[in-house]
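S.K.: predicted structure and sequence below. I'll ask about it afterward.
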Amino acid sequence: VRRQRTFIMVKPDGVQRRLVGEVIKRFETKGFKLVALKQLHASDQLLRNHYAEHDGKPFFPKLLAYIGSGPVVAMVWEGANVVDVSRKLVGATRPSESAPGTIRGDFAIEVGRNIIHGSDSVESAQREIALWFRPEEVVEWNDHSNEWIYE
Ligand code: DAT
Ligand code: MG
């Protein structure tokens with residue numbers, strides 16, 4: 001369970017608004033372990049694949065244009081229940097419904113500029129990590145604070 005991983009991405013609006021550090025800080029101070037990180041301008045093909053579940057929905061073309069409009073910062077975070085807990089840190093999809101204290105609740109107003117992506121299940125996380133990272137880009141390291149975070 002402690003080894004569970006999730007895929008987190010700061011979207012182009014989050015990068016432009018200098019929120020990368022804030023996002024990393026929230027996952028770091030929670031106690032999760034960063035195991036992969038890179039900035040890239042994602043290709044249309046990658047984004048179509050990433051958001052395949054939304055293909056055909058009315059907002060799909062705008063979603064691709066938005067996420068493809070500039071660099072994103074892609075990450076893999078590891079820790080106990082990191083998939084579900086990350087979704088809580090990220091907040092509800094629509095910022096108007098995201099609770100204060102969540103990333104979207106604190107920094108976003110519109111669903112089409114909601115700052116950040118987080119995988120919605122363990123299966124999605126595995127699929128998305130494999131899509132965005134080569135295996136050697138995910139780094140195993142021994143976390144010295146482990147015994148102060150887990151009992
Ligand atoms: P989440 O990002 O919370 O997993 P999702 O998977 O339902 O949400 O949708 C992916 C992204 O697509 C979401 O972050 C923003 C955009 N989106 C979703 N529903 C939308 C809508 N009704 N109108 C515009 N954009 C939408
Ligand atoms: Mg989703």
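M.R.: Thanks, I have it. Numbering: from 1, shown residues only. Ligands and ions are numbered 1, 2, ... in the order given.
S.K.: residue ranges with poor pLDDT in this structure?
M.R.: 1 (pLDDT under 70).
S.K.: quick one: the helices in it?
M.R.: Taking DSSP state H to define them, one finds helices in the chain at 12-16, 20-30, 44-50, 60-67, 82-90, 103-107, 122-132, 146-149.
S.K.: can you give the contact residues for the shortest one?
M.R.: Yep, that's helix 146-149 we're talking about. For helix 146-149, the external contacting residues (Cβ atoms under 8 Å, 6 or more residues apart in numbering) are G31, G79, D143. The C-beta positions use only the backbone N, C-alpha and C, and glycine is treated the same way.
S.K.: can you turn the buried part of the residues you listed into a PyMOL selection?
M.R.: Those of the contacts of helix 146-149 that count as buried under 16 or more other Cβ atoms under 10 Å are selected in PyMOL with:
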select buried, resi 31+79+143
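S.K.: contact residues of this structure facing ligand 1?
M.R.: Taking Cβ under 6 Å from any ligand atom, the part of the chain that reaches ligand 1 is made up of H54, F59, L63, T93, V111, G112, N114, H117, D120.
S.K.: pull out the buried residues from these.
M.R.: L63, V111, N114, H117, D120.
S.K.: in strands, which of those fall?
M.R.: H117 (DSSP state E).
S.K.: let's have the buried ones among the residues of the chain next to ligand 1 in CSV, adding distance to P12.
M.R.: Shown next, in CSV, are these (distance: Cβ to Cβ, whole Å):
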residue, distance to P12
L63, 12
V111, 15
N114, 12
H117, 11
D120, 20
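S.K.: tell me the one of the buried ones among the residues of the chain next to ligand 1 nearest M9?
M.R.: Comparing these against M9 with Cβ to Cβ places H117 closest, at 4.2 Å.
S.K.: who touches that closest one in this structure?
M.R.: Taking Cβ under 8 Å, 6+ apart as the test, what H117 contacts is F7, I8, M9, K11, V90.
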